[in-house]
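Visitor: model this:
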Amino acid sequence: MQISVTTRDVELSEDARDQAVRKLTRVQRVFGRFIDMDITFAEAPGSGEDRVQCDVVLHAKGQYLRATGTGADPLAAADQAEARLARQARKLKTRLVDKPRLAAVDGRGPA
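Guide: The predicted structure is shown next:
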């Protein structure tokens with residue numbers, strides 16, 4: 001899987017970058033058919049304690065999953081985005097796996 005990380009108006013150390021990538025690639029355990037991942041760290045719009053926004057776009061064959069997380073630091077934002085992506089990946093996998101099985105049971109599709 002190809003991973004690209006970009007930052008906009010946010011300082012991100014190499015260690016924090018590596019930890020965020022490690023967290024976000026855990027989604028691959030749920031569904032391993034991803035082609036590439038684009039991660040963007042930016043300053044969150046508005047003011048408050050949530051200052052960093054993490055946008056993640058995953059591309060799987062014919063499918064795109066997108067999640068956004070905000071937090072006080074980049075790792076907190078990556079955690080939130082990872083949780084949302086994991087939920088989307090589980091839904092995608094369930095949809096892709098159950099549809100052919102149901103069609104085979106009902107006799108509507110090839111066995």
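Visitor: and residue 94, what does it touch?
Guide: Neighbouring residues of residue 94 by CB atoms under 8 Å, 6 or more residues apart in numbering: there are none. Bear in mind the C-beta positions are built from the backbone N, C-alpha and C, glycine included.
Visitor: any idea how far the host helix or strand of it is from the chain center?
Guide: With secondary structure defined by DSSP states H and E, residue 94 is part of helix 74-106. With CA atoms, centre = their mean, to the nearest Å as the basis, helix 74-106 stands 10 Å off its chain's centre.
Visitor: Then stretch 9-18?
Guide: 18 Å.
Visitor: what sits up against that stretch?
Guide: By CB under 8 Å, 6+ apart, the surrounding residues in contact with stretch 9-18 are 5, 20, 41-43, 52, 73-75.
Visitor: redo that, cut-off 7 Å
Guide: Residues outside stretch 9-18 that contact it (CB atoms under 7 Å, 6 or more residues apart in numbering): 5, 41-43, 52, 74-75.
Visitor: thinking again about what came up before, buried sites along the helix holding residue 94?
Guide: Counting neighbours by 16 or more other CB atoms under 10 Å, one finds that the buried residues in helix 74-106 are 74, 76-82, 84-86, 88-89, 92.
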